[in-house]
Every structure is written in C-alpha cells, then in structure tokens.
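K.L.:
Return a 3D structure for these sequence lines:
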Amino acid sequence: TQEYMPFMFSSDISVSGDTILTCGDNGQINVRYGSLYNKSFTSNITNNEKYDIWADGLGRIIAVGEEDNNNDQSMYSTDGGMTWQLGNVTGSQDNFYAISMINSTTGYAAGQGSVFKTTNGGAGWFETTPTGTNDDLYGIYFLNENTGWTVGEGGNCYKTTNAGNNWTAFVWGGGPYDVF
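P.N.:
Next up is the predicted model:
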C-alpha cells in the first residue's frame, strides 16, 4: 500500500534562496534547508489546512490557512520551523488564504473579505480598512509597505496605496470568475 501523501497548497523559497517550504493538508509543513544547514523535516503544526507560507531565510516562517476556533489561522516560527506559536488575530475568525510579507516584520494576509496586517512578524494581526466585499480574497501582493493588491472570489480585485487604509476596486477584465 502507498502511504497517504497530503495535498500541498503552496510553496515558497526564502529570500536567501536556500530554504524551500511547502504547506497543505492537516497543517503539514515541509522545510528543506540548503547548503548552510543541509537538512529537511516535515511537521504537522495543526489539524487544519494551511494555504500559504513565507520564510525570511533567517529562521522566521509564517504559515496561514484555515481557522478552527482556536485562532490558528496564522502560525509562526522563529527557529526555522522547529517550534510554532499561534499568531494573535484581533477581531476575526476568518480563514487566511494568502500572505505577502514586505520584510521579516511587516506583511499582509488575505482572508474572507478582509485584509489583515502584521507589524511584528506574524505574532499579531489586525484588520485593515474593509475592502468592501464579504467574498473570499485568495491572493495578495504588496510591492512595498503602502502599495498592494488583493484578488479573489467573483473576480473581486482591490488596490491600496496607503497601507490598507483605503481600498479601491478595479476590474481585471476576466469577468466574474475567481482570481487567485
């Protein structure tokens, strides 16, 4: 018999280029360190799905995904994935579908109609100004701390130029289809 292999949703390569990570079903995280450490491991950090992952190559990893009433939609590690802590998400039980980090401390996560921001490396998250939709937002990208885009269900697309204080809807031209 073949061993069950969980579905992996996302992967990332660290800024330094020597760490490869994947995340997916049942909170499974795979980490492979390159020439500096030359090791790899797999761990299950929670029982629910993690949809996106980010690493800085210096030990900080942030995984985001499904929330199961334990406020565990964001989890972070400061030791390369050996141990994990829950991120404190203020005012929401949303799933987080995607993450975009500007640096090791500042970043954004897309959720169920909301965008959340961290300024302490995933230890705490707070909601930015609402985008204007209740639909799921599946993708997020920030060029810098102020300018970013989020996209999602029903073709919803939004842009901010002031760190999420205001979001402006825009049409992506592909119709009312989900955008990832």
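
K.L.:
Find the residue at the geometric middle of the protein.
P.N.:
Of all residues in the chain, the one closest to the mean position by CA atoms, centre = their mean is Ile99, 2.9 Å from it.

K.L.:
Pretty sure it sits in a strand.
P.N.:
Yes - in this structure, Ile99 lies within a strand as judged by DSSP: H, G, I helix; E, B strand; the rest coil.

K.L.:
show me what contacts it?
P.N.:
Asp52, Ile53, Trp54, Ile62, Val64, Gly107, Tyr108, Ala109, Ala110, Ile140 (CB atoms under 8 Å, 6 or more residues apart in numbering). (Each C-beta comes from the backbone N, C-alpha and C, glycine too.)

K.L.:
So which of those residues are in strands?
P.N.:
Among the contacts of Ile99, the members found in strands (DSSP state E) are Asp52, Ile53, Trp54, Ile62, Val64, Gly107, Tyr108, Ala109, Ala110, Ile140.

K.L.:
For stretch 147-167, give the mean pLDDT please.
P.N.:
Stretch 147-167 shows an average pLDDT of 91 in the prediction.
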